[in-house]
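Colleague: what's the 3D shape of this:
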Amino acid sequence: MSTLASGKTRRTLPALNSLAAFDVTARLGSFRAAADEMHLTQGAVAQQVRALEAELGCPLFDRHARGLRLTAAGAAYAERVRLALGIVEDATRELLDHHTRRNDFRLTLGTTVALASRWLLPRLPKLAEAHPQISLMIEASDISRPLRGKDGIDIAIRWGQPPFQGVSAEFLLSGEAVAVCSPNLTHGKTLTPKALAKMPLISDSHNNWKRWFEVYGRVEDFRKGPTFSQTSLALDAAERGIGIALAPRVLVQDALASGTLMEVLSAQYRLDTGSGFYVLTAESAAPESPLGDLVKWLQHESGK
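Modeller: All right, here's what the predicted structure looks like:
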């Protein structure tokens, strides 16, 4: 018996090893199979189950020549034990994951493929220089991961517009879209909207060309180019001279600077999409923490 600080007593719980041996044996139906899975001897597993039965004061298995069968009480107990051990396992995993992230400064950032490849990747050497203690895992996907729970990530950069329900959100990058293409496609010359309509227009899942024509005048007959599910592929196609893409300027600013892409229309024809890229965290990041350092670094790189 163990004594609580208040003077009250509580019954000692069965040993965890005995509960684990019982759980595996109940699931597999034999001491031998349980011993193989637990890397113990068959006798050791059987002894732990017998000790548990003795402590509980009732048999948990009926022993037969061809194996074991749970008693009615054993079956009901096994179901509850399995649930309890699962809770303990999940709690232990979450604790260890949190402890590892806290001490090793390992952070997981989820974002879109386009932002990861076109904006974040070129800036990672600066992060390593500014915060060498941070080890960043980047999950690039257009499918959003949760910021809470067992499979949650630490931070996300997502496209959209506020409000973002249930999370802390801070504006990071403008969603203003520009029309871009390879300089070879137009021989380095900018175009008028009328001339633009005669060029192959590359689309992605955001359908920005539809919005552009709604703002700057409908054109009944314009030339459609290929459509891609991801903005990064649309921009790759534009760099290869396949057509003209319309994408957030933040995703092409490095390509514009290097000359692999050019802005094909004058600045007056840039599109306000009404959306942008936002930094999302489960709660506001503490200023003096690895997560807070990462948020501040992202804001610095965005010019905020």
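Colleague: Quick one: low-confidence residue ranges for this structure.
Modeller: Across the chain, the stretches falling below the confidence threshold (pLDDT under 70) are 1-11, 96-104, 218-221, 304.
Colleague: could you pull out the strands for it?
Modeller: Read by DSSP state E, the chain holds these strands, from start to end of the chain: 2-3, 9-10, 61-64, 67-70, 106-111, 135-140, 155-160, 168-174, 177-181, 201-203, 224-227, 244-248, 262-263, 276-281.
Colleague: which of the ones you listed sits most buried?
Modeller: Burial among the strands of the chain, expressed as mean neighbours by mean count of other Cβ atoms under 10 Å, is greatest for strand 244-248, which shows a mean of 27. C-betas here are computed from N, CA, C, even on glycine.
Colleague: And that one, what does it pack against?
Modeller: If you count contacts as 3 or more Cβ pairs under 8 Å, 6 or more residues apart in numbering; DSSP states H and E, strand 244-248 packs onto strand 177-181, strand 201-203, helix 208-216, helix 231-239.
Colleague: right, and the ones you listed - which one's nearest S141?
Modeller: In terms of Cβ to Cβ, the element of the helices and strands packed on strand 244-248 nearest to S141 is helix 231-239, at 11.7 Å.
Colleague: what does that closest one rub up against?
Modeller: Taking Cβ atoms under 8 Å, 6 or more residues apart in numbering as the criterion, the residues outside helix 231-239 that touch it are 112-114, 117-118, 180-182, 202-206, 225-226, 228, 243-245, 247-248, 251-252, 255, 260-261.
Colleague: Next: stretch 167-178.
Modeller: Contacts of stretch 167-178 from elsewhere in the structure, counted by Cβ under 8 Å, 6+ apart, are 119, 147, 157, 159, 162-163, 208, 212, 246-250, 252, 263, 265, 270-285, 295, 298-299, 302, 304.
Colleague: Okay, domains of this protein per the record?
Modeller: Domains of the chain are assigned by automatic domain parsing as 7-101, 105-175+276-302, 177-269.
Colleague: if we can go back for a sec, turn the strands of the chain into TSV, columns for distance to L291.
Modeller: Formatted as TSV, these follow (distance: least, Cβ to Cβ, whole Å):
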stretch	distance to L291
strand 2-3	39
strand 9-10	39
strand 61-64	50
strand 67-70	47
strand 106-111	6
strand 135-140	11
strand 155-160	6
strand 168-174	11
strand 177-181	30
strand 201-203	36
strand 224-227	37
strand 244-248	25
strand 262-263	36
strand 276-281	7
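Colleague: Can you tell me which of the ones you listed is nearest to L83?
Modeller: For the strands of the chain, distance to L83 was read as Cβ to Cβ. The smallest value, 15.6 Å, belongs to strand 67-70.
Colleague: helices or strands next to the closest one in the packing?
Modeller: Checking 3+ Cβ pairs under 8 Å, 6+ apart, strand 67-70 ends up next to strand 61-64.
Colleague: So which other helices or strands are in contact with the strand it packs on?
Modeller: In terms of contacts (3+ Cβ pairs under 8 Å, 6+ apart), strand 61-64 is packed against strand 67-70.
Colleague: Indicate each strand paired with the strand it packs on and its parallel or antiparallel sense.
Modeller: With DSSP bridges as the criterion, the sheet partners recorded for strand 67-70 are strand 61-64 (antiparallel).
Colleague: List of residues touching the partner strand?
Modeller: In this structure, residues lying in contact with strand 61-64 by Cβ under 8 Å, 6+ apart are T25, A26, V49, E53, L68, R69, L70, T71, G74.
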